[in-house]
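Student: Fold the stuff below for me.
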Amino acid sequence: MLRRSIVINRPQGLDGRPIAELVQVASKYESKVYLEHGTRKVNAKSIMGMMSLEASAGESVEVMIDGSDEENAMSEIAAFLCAGGRKAAPAV
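Tutor: Numbers count the residues shown, from 1 in each chain. Take a look at the predicted model:
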């Protein structure tokens, strides 16, 4: 299991389109993917769960991933949250 604290660096935070994109990213992996913010822990593959997270730009979320492809999933999700897109892959 991997666990990492990541600061959201997307101008709009996690709402609307970024949530839909993040759910798509998480859903392509077999691993279980969860995000935690404040007292909420949600399944990152659930659009309704992600909408309830209410995480804004500059805030930190805990990303927890468990499964056979957890390292690849963490890398792509961290890049998405940190750089604001799937194509960028900064060091985290």
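
Student: Report the buried residues of stretch 11-22.
Tutor: Counting neighbours by 16 or more other CB atoms under 10 Å, one finds that the buried residues in stretch 11-22 are G13, L14, D15, P18, I19, E21, L22. Glycine gets a C-beta too; all of them are placed from N, C-alpha and C.

Student: what's the closest of these to E76?
Tutor: Each of the buried residues of stretch 11-22 was checked against E76 using CB to CB; the closest is L22, at 9.9 Å.

Student: Using CSV, write down the CA coordinates of the helix ranked longest in the chain.
Tutor: Counting residues, the longest helix found in the chain (DSSP state H) is helix 70-83. Below are the C-alpha coordinates for helix 70-83, written out as CSV (Å, rounded to 0.1, in the frame of the first residue of the first chain):
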residue,chain,number,x,y,z
GLU,A,70,-0.2,1.0,-7.2
GLU,A,71,3.1,2.5,-8.2
ASN,A,72,1.9,3.5,-11.7
ALA,A,73,-1.4,4.7,-10.3
MET,A,74,0.3,6.9,-7.7
SER,A,75,2.7,8.3,-10.3
GLU,A,76,-0.2,9.4,-12.7
ILE,A,77,-2.5,10.6,-10.0
ALA,A,78,0.3,12.6,-8.3
ALA,A,79,1.2,14.2,-11.7
PHE,A,80,-2.5,15.0,-12.3
LEU,A,81,-2.9,16.7,-8.9
CYS,A,82,0.5,18.5,-8.9
ALA,A,83,0.7,19.6,-12.5
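
Student: re the thing from before, from the buried residues of stretch 11-22, which single one is nearest L2?
Tutor: Nearest to L2 out of the buried residues of stretch 11-22 is L22 (CB to CB; 16.5 Å).

Student: which helices and strands does the strand or helix carrying the closest one pack with?
Tutor: According to DSSP states H and E, L22 maps onto helix 16-27. In terms of contacts (3 or more CB pairs under 8 Å, 6 or more residues apart in numbering; DSSP states H and E), helix 16-27 is packed against helix 47-51, helix 70-83.

Student: I'd say L35 and V61 touch.
Tutor: Yes - if you go by CB atoms under 8 Å, L35 and V61 touch, sitting 5.0 Å apart.
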